[in-house]
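Undergrad: Fold the following and give me the result.
(one chain, ligands or ions: 1)
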Amino acid sequence: MNSRTQTQRDPVCGMTVSDSAHTTVYHAVTFHFCSAQCLAHFLEAPALYAGAVRREDVKAMPKSHVLRISTGAALDEACRRLRAMMGVTSVQAEANRLHVDYDLRQVSLSQLEAEIQAAGIVLKGGLHALRRSLWRFTEHNELQNAARSGPQACCNRPPTPR
Ligand SMILES: [Zn+2]
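TA: From the prediction side, this is the model:
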């Protein structure tokens, strides 16, 4: 398939990448990513990112959530990890809560939760877990809808490789 070495644009964050370790093939086009995060996010809604010729075609999707913590002492570590993620605009820890602002265009709640877990934090269960699963479900639908209603809605062709 497309085995040429060339610089390409990461369709999720817009960075220029070359010889990336993170690639995937979608509709016979090879896409390159700067990180595992961007690759995972692409795979959640490939039609959205593959269809956008320019990153500006995908509108910002600002999100703000308060995540409640059940157990785990590594709040600083969780904050550090979250702030290092692309698309995260603000993280504030307060008592047993994490206030997180991010752009769904670049990162989703399920990815944030995985990083929080990796820091040794357990988020609250019960009603809060239900609420979080609803947020994740809503985000997934929002990405799918954006893929269908964007300026490229009439055109499912992936961008032409340069
Ligand atoms: Zn990226």
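
Undergrad: quick check: domain ranges of this structure?
TA: Per the record, the chain has its domains at 7-57, 62-136, by automatic domain parsing.

Undergrad: how about low-confidence regions in this protein?
TA: Counting by pLDDT under 70, the low-confidence segments of the chain come to 1-6, 52-56, 150-162.

Undergrad: near the ion, which residues of this structure?
TA: 10, 13, 34, 38 (Cβ under 5 Å from the ion). No exception for glycine: its C-beta is placed from N, CA and C like everyone else's.

Undergrad: Could you tell me which of those residues are located in helices?
TA: For the residues of the chain next to the ion, the ones inside helices are residue 38, with DSSP state H as the criterion.

Undergrad: which of the residues of the chain next to the ion tops the neighbour count?
TA: Among those, residue 38 has the most neighbours (other Cβ atoms under 10 Å), with 26 neighbours.

Undergrad: tell me the contacts of that one?
TA: The contact partners of residue 38, taken as Cβ atoms under 8 Å, 6 or more residues apart in numbering, are 10, 12, 13, 22, 86, 106.

Undergrad: what's the most distant pair in the residues you listed?
TA: 22 and 106 (14.5 Å; Cβ to Cβ).

Undergrad: ok, which stretches of the protein are helices?
TA: In order along the chain, the chain carries the following helices (DSSP H): 36-44, 46-51, 75-83, 109-118, 126-149.

Undergrad: buried ones in the last one?
TA: When neighbours are counted by 16 or more other Cβ atoms under 10 Å, the buried residues of helix 126-149 are found to be 132, 135, 136, 139, 140, 142, 143, 146, 147.

Undergrad: Just want the angle from it to helix 36-44.
TA: Calculated by axes from the mean of the first three to the mean of the last three Cα atoms, to 10 degrees, helix 126-149 forms an angle of 70 degrees with helix 36-44.

Undergrad: next one: helix 126-149 to chain centre, how far?
TA: Put simply, helix 126-149 sits 13 Å off its chain's centre (Cα atoms, centre = their mean, to the nearest Å).

Undergrad: Now it - C-alpha only, PDB.
TA: These are the backbone C-alpha positions of helix 126-149, laid out as PDB (Å, rounded to 0.1, in the frame of the first residue of the first chain):
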ATOM      1  CA  GLY A 126     -22.500   4.400  41.800                       C
ATOM      2  CA  LEU A 127     -24.400   7.400  40.400                       C
ATOM      3  CA  HIS A 128     -21.100   9.100  39.400                       C
ATOM      4  CA  ALA A 129     -20.000   6.100  37.400                       C
ATOM      5  CA  LEU A 130     -23.400   6.100  35.600                       C
ATOM      6  CA  ARG A 131     -23.000   9.800  34.900                       C
ATOM      7  CA  ARG A 132     -19.500   9.300  33.500                       C
ATOM      8  CA  SER A 133     -20.700   6.400  31.200                       C
ATOM      9  CA  LEU A 134     -23.400   8.700  29.900                       C
ATOM     10  CA  TRP A 135     -20.800  11.500  29.300                       C
ATOM     11  CA  ARG A 136     -18.600   9.000  27.400                       C
ATOM     12  CA  PHE A 137     -21.600   7.800  25.400                       C
ATOM     13  CA  THR A 138     -22.600  11.400  24.500                       C
ATOM     14  CA  GLU A 139     -19.000  12.200  23.500                       C
ATOM     15  CA  HIS A 140     -18.900   9.200  21.200                       C
ATOM     16  CA  ASN A 141     -22.200  10.300  19.500                       C
ATOM     17  CA  GLU A 142     -21.000  13.800  19.300                       C
ATOM     18  CA  LEU A 143     -17.900  12.700  17.400                       C
ATOM     19  CA  GLN A 144     -19.900  10.500  15.100                       C
ATOM     20  CA  ASN A 145     -22.400  13.300  14.400                       C
ATOM     21  CA  ALA A 146     -19.600  15.800  13.700                       C
ATOM     22  CA  ALA A 147     -18.200  13.300  11.200                       C
ATOM     23  CA  ARG A 148     -21.600  13.200   9.400                       C
ATOM     24  CA  SER A 149     -22.500  16.900   9.600                       C
END
